[in-house]
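# 3D model of this:
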Amino acid sequence: MANKPFNEDNVPDHIGLILDGNRRWAKEHNLTVAEGHREGYQNLKTIAQAAIKHGVRYVSAYVFSTENWNREKQEVRDIMKLLKWVLSHEIKKIHKDNIRVRVVGSKLKLGAALLTAIHDAEKLTENNTRGTLLLCLDYGGQQEIVDATKKIISSGVPAEEVTQELIAANLYAPDVPPPDLIIRTSGEQRLSNFLTWQSSYSELMFTKKKWPDFKEKDLNTALKKFKNIKRRFGK
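Below you'll find the predicted structure:
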């Protein structure tokens with residue numbers, strides 16, 4: 001899973017988004033946490049569409065981590081309800097825009113109704129070609145590596161035949177190139193278990209803006225900065 005060279009306009013092939021700050025944004029605007037997450041989704045839709053318009057082929061969004069199960073039960077229920085609504089209803093608009101949706105993560109703790117919605121959304125959009133939105137749901141980068149290792153062991157591959165390429169081929173979405181650029185909002189400067197394997201050569205950009213306040217002009221600024229980066233991959 002080698003990083004592909006960027007295209008002639010130096011647009012990232014794959015952008016990762018760590019959507020941080022929905023709860024703090026909601027508090028600042030005297031809204032509920034659920035309303036903050038709904039606003040966060042609306043902004044994700046806008047930013048993903050804008051990125052694809054600029055030529056980005058893949059947008060990965062960190063929508064719910066394996067650690068997020070430790071949040072208050074009501075917040076978790078509200079997030080799962082929102083995700084089910086997106087994948088059952090909003091998916092029609094996304095499909096009309098010719099965007100493919102994929103959901104990556106362990107999925108072990110997801111309910112049957114949400115799993116059905118995921119299956120139906122992925123099936124509906126699987127042939128769309130304008131771009132791909134990957135929703136990282138019940139996702140943890142370390143868990144992804146553990147799951148890949150288990151698949152390799154269960155297939156009977158001898159230890160001496162395990163390579164970086166083999167591990168990469170057993171990740172959740174092995175056909176998707178690593179992110180060229182990862183953007184995290186809300187001031188924290190860490191990846192928080194996001195695309196742990198794939199991010200080894202990603203460019204990282206951080207902003208103090210909370211996710212609902214991260215607008216298309218901010219994306220444009222990030223893309224302009226990316227264009228001026230000379231990526232050597234250790235050469």
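# which helices and strands does the longest helix seen in the chain pack with?
The residue-count maximum for a helix in the chain (DSSP state H) belongs to helix 33-53. Counting contacts by 3 or more Cβ pairs under 8 Å, 6 or more residues apart in numbering; DSSP states H and E, helix 33-53 is packed against strand 14-18, helix 22-28, strand 58-65, helix 73-85, strand 99-104, strand 131-139, helix 216-227. From N, CA and C alone the C-beta is placed, and that goes for glycine too.
# any weak-confidence spans in the protein?
Within the chain, the segments meeting pLDDT under 70 span 1-8, 235.
# residues in contact with stretch 102-109?
With contact meaning Cβ atoms under 8 Å, 6 or more residues apart in numbering, stretch 102-109 is reached by 60, 64, 66, 69, 87, 115, 118, 121-122, 132-140, 143-144, 147, 172-173.
# so how far is stretch 135-151 from its chain's centroid?
Distance, stretch centre to chain centre, for stretch 135-151: 13 Å (Cα atoms, centre = their mean, to the nearest Å).
# same question for stretch 201-209.
Here stretch 201-209 shows a centroid-to-chain-centroid distance of 14 Å under the convention Cα atoms, centre = their mean.
# surely G131 and T125 touch.
No - using Cβ atoms under 8 Å, G131 makes no contact with T125, being 10.7 Å away.
# between those two, what contacts are shared?
Counting by Cβ under 8 Å, 6+ apart, the residues touching both G131 and T125 are I99, R100.
# give the buried residues for stretch 218-234.
The neighbour-count check on stretch 218-234 (16 or more other Cβ atoms under 10 Å) flags D218, L219, A222, L223, F226 as buried.
# list just the nearest of the residues you listed to V162.
V162 lies nearest to F226 out of the buried residues of stretch 218-234, by Cβ to Cβ, at 33.3 Å.
# that closest one contacts I183, correct?
No - judged on Cβ under 8 Å, F226 makes no contact with I183 at a distance of 9.8 Å.
# need the overlap of contacts for the two.
Common neighbours of F226 and I183, using Cβ under 8 Å, 6+ apart, are M205.
# could you say which one of the helices and strands packed on helix 33-53 comes nearest to E165?
Nearest of those (Cβ to Cβ): strand 14-18, 18.2 Å.
# need the residues that contact that closest one.
Residues from elsewhere that reach strand 14-18 (Cβ under 8 Å, 6+ apart): 44, 47, 51, 56-62, 176-185, 191-192, 194-195, 199, 202.
# quick one, that strand and strand 58-65 angle?
Counting by axes from the mean of the first three to the mean of the last three Cα atoms, to 10 degrees, strand 14-18 points 20 degrees away from the direction of strand 58-65.
# can you report how many residues lie near the residue lying closest to G141 once chain neighbours are set aside?
In space, and not counting its chain neighbours, G141 is closest to T196: 2.7 Å by Cβ to Cβ, 6 or more residues apart in numbering. By other Cβ atoms under 10 Å, 15 other residues sit near T196.
# quick one, what contacts T196?
By Cβ under 8 Å, 6+ apart, the neighbours of T196 are G141, Q142, E144, I145.
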